[in-house]
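> Turn this into a model:
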Amino acid sequence: MSVVGVQEVAAEPYAGGRSFGEAGAAVIRRLVVRHAVDPAHRANASIADLGLAVRGDDGLVSFDHDVTIVQPADLAARSGWALVDVVNRGGPTASTYLQLDDTPFFPQPPEPPPGDGHLLAQGWTLVFAGWQFDIRVPTLHGLRAPALADPAMQGPVSYTVRAGAPSERLALVLPGHRLWEPTDPAGAVLYEDGTPLPAGSWGFARVGDRPDGPVTGLHRPGGFTPGATYRVEYVTSGAVVGGCGLLGLRDIAPWLREAEGMRRTLLFGVSQSGRVIRQFLHDGLNVDEAGRPAYDAALPLIAGGRRGQFNRRFAVPGTLPSDPAEVDPDPTYGALLARAGAPLKVMAVNSSSEYWRGDGALVAPDADDAVRVHLVAGTQHGPGYLPQLWSLPALGWKGRYGFNVVDYRPVVRALLAQLVAWVDDEVEPEPSTAPTAEQLSSREAVLARFAGEGATDGADDGVATPRLDSFAQPPGPVPAVDDTGNEIGGIRLPEVAVPLGVHTGWNLRHPDIGAPDHELFLVGSSWWFDEPPVTEAEHRARAHAVIDDLVACRFVLPDDVERLRARVDTVWSAATGTLAPRD
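Alright, predicted model coming up:
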């Protein structure tokens, strides 16, 4: 079995009744979808502990999750394509990455923001599906995972975080998550940069400082050391089958076809949820209990070559991708598709930061004809913004240099269009642009150029760079750079192809948050040349030619040309110091 019940919590006009092009107005429906699966079925064999879960009288294991559907109100305006957004830590990603919405991720707005409405105007059905069992905020999309039949079962759990301020409290998870409760708090061990701290020097922080309140993080009189890495290990109980989130993602796709009239389904995930897609394929879940294929296509974005804690006992699925053990031993998408259970097309996109993290280069080359792998050159993990950011207070991040400003999202939209044409009309997409061996280098060689050993043209004689041992990841290849310091491989947007500055996939931690000679995880940097190399008119002409070439290669949509041309002028203002700073 699969979907056995749907509770419609609410249905109402979306975005205040706003009209989205020829598709018109849209509706939003908030659902709780209930599933029942057979723990003995071979299609579910990869789900950890499913056979140990509580079962109903029918022998099946039940669970439910939050699902929000946004689609044109007019049935005739719907294209038949459903995009299933594997929400990131409970929040939607398609709004930001495909509809160019810039609403901050924290706190989450009451409904997925519409952005420019690009997908809805094309008739897409957007499905935001919860999969993560440790989400604790009702406004986020979560999963009520089934418990194990033995509630007394215990096991180890750990959390690793880096302090960014000398506070006496240290959060172990991002907002909206719950922690595993320690069975014996006195037996927990806390390490500071690998050294265990005395048991009496710290404790668990709890809601309302009540002894029986849920754990929210750590407490240490005198404060935690900015820049230090803390790892807490303890024993917990109350295990659930977190891998049922993957089954929910699987079984929602056939339901969308049968109950909602969809003809195509696409799995979309960003960062953490992109790694969930990799787990989904690795675990052979693209075919359900009835033998039906789940998805026609997948677009994993900035996932690199790793999975995560998504299908194991006492998992911490929201942990950041910093554990080298989570890098796939056989990381290409071709290898994952060989295990997927049913064929589908994959369009994978990475930023430079995944390469500097150590695993981005591992997913290419890929000889599978059903896979394309792209790098957008000179980018960071998240999209770049102008005016330039220097910090993300919600995460405690602050850079030595301004954050990378290159916005790769228009490229992602164009690649989605290629993917649709590939599935619907068998129109071959453009070849992969992941850097070739000749376009790759090492962290040591590239950082040496910036540090002064062959400093880049247009930059100072040398800039501060992170210590090599601060990356805490496998030393995989990184994109090589040209004489300006910008990357030579991948899809090059105007900021990189005709540069007014240097755009990297790495940054340094600011002294204010400690460890100033260490990398700032997942954040890139941009700094401008002392003087523009050409006049404003010459730069505009060259940048417009780059945009035209990208359109010709189908890496930019014609509808986004004016947006990119306007950005060329904004970049010039930023590079010449005439753009107003961010408030």
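> residues in contact with Ala163?
Ala163 makes contact with Leu170, Phe224, Thr225, Pro226, Gly227, Ala228, Tyr230, Gly514, according to CB atoms under 8 Å, 6 or more residues apart in numbering. Just so you know, the C-beta spots here come from the backbone N, C-alpha and C atoms, and that holds for glycine as well.
> I misspoke; the intended subject was Leu143.
Neighbour list for Leu143: 63-66, 130-133, 135, 242, 244-245, 248 [criterion: CB under 8 Å, 6+ apart].
> Do a quick rundown of the helices in this protein.
94-97, 118-121, 244-260, 272-282, 333-337, 352-357, 409-425, 443-451, 494-497, 536-552, 561-575 (DSSP state H).
> Just name the most buried of those.
Greatest average neighbour count among the helices of the chain goes to helix 352-357 (a mean of 29), per mean count of other CB atoms under 10 Å.
> Could you pull up the mean pLDDT of that one?
Model confidence over helix 352-357 averages 97 on the pLDDT scale.
> gap between the residue nearest to the spatial centre of the chain and Ala294?
Nearest to the geometric centre of the chain sits Ser271, at 1.6 Å (CA atoms, centre = their mean). In this view, Ser271 and Ala294 are 22 Å apart by CB to CB, to the nearest Å.
> where among the helices of the chain is the average confidence lowest?
helix 443-451 - the lowest mean pLDDT of the helices of the chain, at a mean of 94.
> Quick one: list the elements packing against it.
Packing partners of helix 443-451 (3 or more CB pairs under 8 Å, 6 or more residues apart in numbering; DSSP states H and E): strand 478-479.
> What lies in contact with the strand it packs on?
With CB under 8 Å, 6+ apart, strand 478-479 has contacts from 352, 355-356, 361, 375, 377, 435, 439-443, 446, 487-490, 505.
> could you redo the contacts of Leu143 as CSV and give each row distance to Ala11?
As requested, the contacts of Leu143 are exported to CSV (distance: CB to CB, whole Å):
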residue, distance to Ala11
Phe63, 23
Asp64, 18
His65, 18
Asp66, 15
Gly130, 18
Trp131, 22
Gln132, 24
Phe133, 26
Ile135, 22
Gly242, 30
Cys244, 26
Gly245, 24
Gly248, 21
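> Among those, which are located in strands?
Phe63, Asp64, His65, Asp66 (DSSP state E).
> Asp102: how many residues sit nearby?
Applying other CB atoms under 10 Å, we find 11 residues neighbouring Asp102.
> Please save the CA atoms from stretch 118-127 in CSV.
Output in CSV follows, covering the C-alpha atoms of stretch 118-127 (Å, rounded to 0.1, in the frame of the first residue of the first chain):
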residue,chain,number,x,y,z
HIS,A,118,7.8,31.9,-12.8
LEU,A,119,6.7,28.3,-12.2
LEU,A,120,3.1,29.0,-11.5
ALA,A,121,2.8,31.1,-14.7
GLN,A,122,3.9,28.0,-16.6
GLY,A,123,1.2,25.8,-15.0
TRP,A,124,3.4,23.9,-12.6
THR,A,125,2.0,22.2,-9.5
LEU,A,126,4.3,22.8,-6.6
VAL,A,127,4.3,20.2,-3.8
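> Show me what that stretch is in contact with.
By CB under 8 Å, 6+ apart, stretch 118-127 touches 20-23, 26, 67-72, 77-85, 94, 98-100, 112, 114, 252, 256, 260, 262, 413, 559.
> on that earlier part again, could the ones in strands among the contacts of Leu143 go into CSV alongside pLDDT and neighbour count?
Below are the ones in strands among the contacts of Leu143 laid out as CSV (pLDDT from 0 to 100; neighbours: other CB atoms under 10 Å):
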residue, pLDDT, neighbour count
Phe63, 98, 22
Asp64, 98, 24
His65, 98, 27
Asp66, 98, 24
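> Now flag whichever of the residues you listed is closest to Asp369.
Closest to Asp369 out of the ones in strands among the contacts of Leu143 is His65 (33.7 Å), distances taken as CB to CB.
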